[in-house]
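J.: Okay, predicted coordinates and the sequence, questions at the end:
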Amino acid sequence: MPTLKPPALHALISLIARRMGSDAAETKEVADHLLRANLTGHDSHGVGMLPAYVRLLQDGFLVPNQTPETVLDAGALLVIDARRGCGQRMAADAVRRAIGRARELGACVLALRNASHIGRVGAYAELAARHGMAFIAFVNVTDHHDMQAPYGCAEARVGTNPFCAAVPGGDDGSPALLLDMATTTIAAGKARIAYNKGIDVPEGSLIDADGHPTNDPGGLIRDHTGALLSFGKHKGSGLAVMCEIMAGALGGGQRADQTCHGGILNSMLAVVIDPGKLNDPDAVAAGAASTAAHIRSSRVAPGFEQVLLPGEPERRSAERRGRDGIAVDDGTWREVLEAAGKLGITQGEIDQVVASNA
Ligand code: NAD
């Protein structure tokens with residue numbers, strides 16, 4: 001299992017993204033994003049996504065260097081159709097526009113439609129927080145076979161539909177708190193990683209083709225049967241359904257009930273809020289810190305080592321992996337090399353780019 005230091009992984013991702021046809025700016029957006037996903041511990045959304053992106057490109061479902069269409073630009077409302085553009089770039093550019101608008105008007109409602117996979121949604125919350133903005137997002141996942149069985153369903157009917165919310169922290173620009181999660185018990189990419197590693201998924205996260213509980217990710221990943229379960233029974237399921245409705249029916253992105261072509265589309269209804277227009281920004285950061293301290297002051301529950309807050313596991317992982325490097329499991333590494341090969345990248349080029357950035 002190779003362990004790569006961040007510059008080596010960044011260089012490898014950049015080589016593949018560039019060969020996929022992305023220009024320099026888009027390549028940087030993709031490499032920064034995927035590396036950050038690995039650093040924060042979300043291997044499901046890191047370098048291991050590249051094989052899927054190469055497939056999407058070769059099947060015509062991912063358009064490098066796409067020009068998004070501004071469908072509506074009316075004060076605090078922005079509607080942007082990404083037209084299957086590279087998700088990381090489409091979403092980051094759209095959120096940057098929404099940040100500018102929120103700075104002017106206090107808030108901006110952004111409906112981003114039909115981007116190819118946008119990856120780790122928390123990245124856009126971090127982007128907003130670096131600009132001093134609070135961020136809320138409802139995201140759906142479509143054009144792909146459904147992955148999540150809503151409460152009471154014996155089969156999948158929506159995607160893993162992530163929800164994300166963050167408020168900015170202090171002067172360092174990092175979010176004070178950042179909740180970023182799939183509405184399934186585990187993200188689909190985590191089932192893929194488990195499959196690649198030949199291990200089970202956690203109890204209560206998956207059902208098989210007949211609707212019975214299973215821990216084997218093979219059906220879902222290899223045969224596209226069965227479904228991931230919503231977290232928190234009817235409540236997580238309800239949030240997943242609302243992500244679908246907010247991003248699809250309200251935001252105008254593709255919906256889970258529409259024809260699936262075999263790509264991966266993310267639509268996102270996001271709200272960017274300038275805290276300074278609602279409250280004193282220092283008071284927001286201080287209030288969030290005080291709330292966090294209040295929660296942390298609790299006695300630790302049996303079976304837990306400590307109380308963590310949303311965003312903390314990611315910050316800790318980023319520190320650790322930034323120092324020690326990122327271990328890429330053998331199954332994922334093999335898939336990445338195969339995907340690179342499909343773009344005509346040789347093993348020698350990979351060895352060279354990794355060695356020269358080690
Ligand atoms: P997760 O379960 O690892 O974490 C979810 C949230 O819980 C995070 O905010 C984390 O900080 C917090 N958390 C984790 N452990 C904690 C603890 N012990 N105490 C307190 N808080 C804790 O995340 P996930 O649901 O597996 O999602 C992984 C990633 O997948 C996310 O970045 C999400 O955006 C992404 N995703 C993307 C898509 C897409 O289509 N683009 C779809 C689904 C998920």
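T.: Right, received. Where do you want to start? Remember, predicted model here, so these are calculated numbers, not experimental data. Numbers count the residues shown, from 1 in each chain.
J.: show me where pLDDT drops low in the stretch 51-200 of the chain?
T.: Residue ranges of the stretch 51-200 of the chain with pLDDT under 70: 173.
J.: what does it put close to the ligand?
T.: By the rule Cβ under 6 Å from any ligand atom, the part of the stretch 51-200 of the chain lying against the ligand is 117-122, 141, 160, 162, 178-182, 186-187, 190. Just so you know, the C-beta spots here come from the backbone N, C-alpha and C atoms, and that holds for glycine as well.
J.: which parts of the stretch 201-350 of the chain sit against the ligand?
T.: Counting by Cβ under 6 Å from any ligand atom, the stretch 201-350 of the chain comes close to the ligand at N266, L308, L309, P310, G311, P313, E314.
J.: pLDDT score for the first one?
T.: The pLDDT attached to N266 in the predicted structure is 98.
J.: can you check the fourth one too?
T.: The predicted local confidence for P310 comes out at a pLDDT of 96.
J.: ok, now the last one?
T.: As predicted, E314 sits at a pLDDT of 97.
J.: Give me the buried positions along the helix or strand where it lies.
T.: Here E314, judged by DSSP states H and E, is contained in helix 312-324. For helix 312-324, the neighbour count (16 or more other Cβ atoms under 10 Å) marks E314, R315, S317, A318, R321 as buried.
J.: Could you chop the chain up by domain?
T.: Domain segmentation of the chain under automatic domain parsing yields 1-58+326-358, 66-325.
J.: first to last residue in the last one, what's the distance?
T.: Spelled out, it's domain 66-325. Taking Cα to Cα, to the nearest Å, domain 66-325 runs 33 Å from one end to the other.
J.: any idea which helix or strand carries L127?
T.: Using DSSP H and E, L127 maps to helix 122-130.
J.: pull the CA atoms of the helix or strand just after that helix into CSV?
T.: Scanning forward in sequence from helix 122-130 by DSSP H and E, the next helix or strand is strand 134-142. Only the C-alpha atoms of strand 134-142 are listed here, as CSV (Å, rounded to 0.1, in the frame of the first residue of the first chain):
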residue,chain,number,x,y,z
ALA,A,134,-21.7,31.0,6.9
PHE,A,135,-22.9,28.3,4.5
ILE,A,136,-25.8,25.8,4.3
ALA,A,137,-26.2,23.3,1.4
PHE,A,138,-28.6,20.7,0.3
VAL,A,139,-27.2,18.5,-2.4
ASN,A,140,-28.7,15.7,-4.5
VAL,A,141,-27.0,13.0,-6.6
THR,A,142,-28.6,11.9,-9.8
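J.: now whichever helix or strand comes after strand 134-142: how far from the chain's centre is it?
T.: As assigned by DSSP H and E, the chain's next helix or strand after strand 134-142 is strand 148-149. Relative to its chain's centre, strand 148-149 lies at 18 Å (Cα atoms, centre = their mean, to the nearest Å).
J.: Repeat that for stretch 53-71.
T.: Centroid displacement of stretch 53-71 relative to its chain, using Cα atoms, centre = their mean, is 17 Å.
J.: what does it rub up against?
T.: By Cβ atoms under 8 Å, 6 or more residues apart in numbering, the residues outside stretch 53-71 that reach it are 16, 20-23, 26, 78-86, 90, 93-94, 113, 116-117, 143, 252, 261-264, 339, 342-343.
J.: if we go to 7 Å?
T.: For stretch 53-71, contacts defined as Cβ atoms under 7 Å, 6 or more residues apart in numbering pick out 20-23, 26, 79-86, 90, 116, 261-264, 339, 342-343.
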